[in-house]
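Asker: My questions concern the predicted model and sequence given below.
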Amino acid sequence: MDKFVTHLKRSAVSDGNNDWREEKLMKKCEENVCEVEGEFSQPIPWQKVESEGLDCDYSLLFHKEEADCLFRQLEDEVVYFTGDKAKVHVYGKTHNVPRKQATYGDEGLMYSFSGVHLMARPWTPTLEYIRDAVTKATGHTFNFVLINRYKDGDDHMGEHRDDERELNPACPIASVSLGASRDFIFRHKDARTGPVKRHIEPVKLELGHGSLLLMNHPTNTFWYHSLPVRKKVQTPRINLTYRSIIKSTDRKRIQRE
Ligand SMILES: O=C(O)CCC(=O)C(=O)O
């Protein structure tokens, strides 16, 4: 087994007043030594990605050395679903998910899609570290993360929208990518099927190692997204989508107001 020592010096939000404090995250394995020190670089340059009803921001959040380290730590820490939790139910049929999935977050949170209900495991240090880096870069807070691991270019994700009721529309979905670069494709809902199919160009991005893609509202109302098969990709990738889930009691309160 590899041995590495990681020092990730981070800033964490301690309260709602942007009162940042430093923490050290140390992880010991057995052979290699990987040290990452330093504050998140600020400000990070953002690239705006826009189309009709599509509003995204893209940037590199972690430099290569730090991204390599985070990838290795996640490989050690993350526990992926198996059995029924690794299947989805679509149009009455059950399919194995063509990748591995895991969910982490605040206690009691659950995320449901395609007929599966996934409970959040408690945050790990690395997932908190990445979450806090995203918060510092964006000003948004997140209580949940869905993790997808693609072993190579055969693993993929089909076209879908993240438009579940429990997602807080005021908060973007923050997608962090580590490992192999992969193509990511948006397609407008009116350009997909139906008698009134319109010609709207798809939006194609390459999500790089250490990158952050923010999908702002209303992107997921109008645009489907997918991560297609890419046979040439031979190395793994981990994607983390940090989300803000409205707890069901809060949702009822909002509906009543
Ligand atoms: O791996 C990716 O970049 C796609 C993730 C995704 O589409 C999702 O979590 O909804």
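Answerer: Yep, it's here.
Asker: Mind jotting down where the helices sit in the stretch 101-250 of the chain?
Answerer: 125-138, 219-222, 248-256 (DSSP state H, counting those that start in this stretch).
Asker: Kindly reformat those helices as JSON lines containing distance to residue 234 and mean pLDDT.
Answerer: For glycine as for every other residue, the C-beta is placed from the backbone atoms N, C-alpha and C. Listed next are those as JSON lines, based on distance: least, CB to CB, whole Å; pLDDT from 0 to 100:
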{"stretch": "helix 125-138", "distance to residue 234": "24", "mean pLDDT": "97"}
{"stretch": "helix 219-222", "distance to residue 234": "31", "mean pLDDT": "96"}
{"stretch": "helix 248-256", "distance to residue 234": "42", "mean pLDDT": "56"}
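Asker: Ends of stretch 233-242, what's the gap?
Answerer: 25 Å (CA to CA, to the nearest Å).
Asker: actually stretch 93-110, sorry about that
Answerer: 23 Å.
Asker: Give the rounded mean pLDDT of that stretch.
Answerer: Over the span of stretch 93-110, the pLDDT mean works out to 94.
Asker: Could you check how far the closest residue to residue 209 other than its chain neighbours is from the ligand?
Answerer: Among residues not flanking residue 209 along the chain, residue 67 sits closest, at 5.0 Å (CB to CB, 6 or more residues apart in numbering). Distance of residue 67 to the ligand, given as CB to the nearest ligand atom, to the nearest Å: 15 Å.
Asker: after the strand or helix carrying residue 67 comes which helix or strand?
Answerer: Using DSSP states H and E, the element containing residue 67 is helix 64-77. Sequence-wise, the next helix or strand downstream of helix 64-77 (DSSP H and E) is strand 87-90.
Asker: Following that following strand in sequence, what is the next regular element?
Answerer: Next element after strand 87-90 (DSSP H and E): strand 93-96.
Asker: Let me see the confidence value for the residue of the stretch 151-257 of the chain found nearest the ligand.
Answerer: Nearest residue of the stretch 151-257 of the chain to the ligand: residue 239, at 3.2 Å (CB to the nearest ligand atom). Looking at residue 239, its pLDDT is 98.
Asker: Would you check that it makes contact with residue 177?
Answerer: Yes: in terms of CB atoms under 8 Å, residue 239 counts as a neighbour of residue 177; the distance is 5.3 Å.
Asker: Which neighbours do the two have in common?
Answerer: Residues within reach of residue 239 and of residue 177 at once, by CB atoms under 8 Å, 6 or more residues apart in numbering, are residue 207.
Asker: who's in contact with residue 212?
Answerer: Per CB under 8 Å, 6+ apart, neighbours of residue 212: 44, 58-61, 134, 137, 174-176.
Asker: Residues of the stretch 1-150 of the chain that sit close to the ligand?
Answerer: For the stretch 1-150 of the chain, the residues in contact with the ligand (CB under 6 Å from any ligand atom) are 146, 148.
Asker: Show me what residue of the stretch 1-150 of the chain gets nearest to the ligand.
Answerer: Closest point on the stretch 1-150 of the chain to the ligand, by CB to the nearest ligand atom, is residue 148, at 4.7 Å.
Asker: quick one: that residue and residue 156, what's the gap?
Answerer: From residue 148 across to residue 156, the span is 10 Å (CB to CB, to the nearest Å).
Asker: Compare the two (neighbour count), which wins?
Answerer: residue 148 (21 against 15; other CB atoms under 10 Å).
Asker: can you tell me which residues contact that one?
Answerer: 99-101, 157, 227, 238-239, 241.
Asker: Just give the closest residue to it, not the sequence neighbours.
Answerer: residue 239 (4.7 Å).
Asker: now swap in residue 61 and tell me
Answerer: Leaving out its chain neighbours, residue 61 is closest to residue 212 (CB to CB, 6+ apart), at 4.1 Å.
Asker: All set now, cheers.
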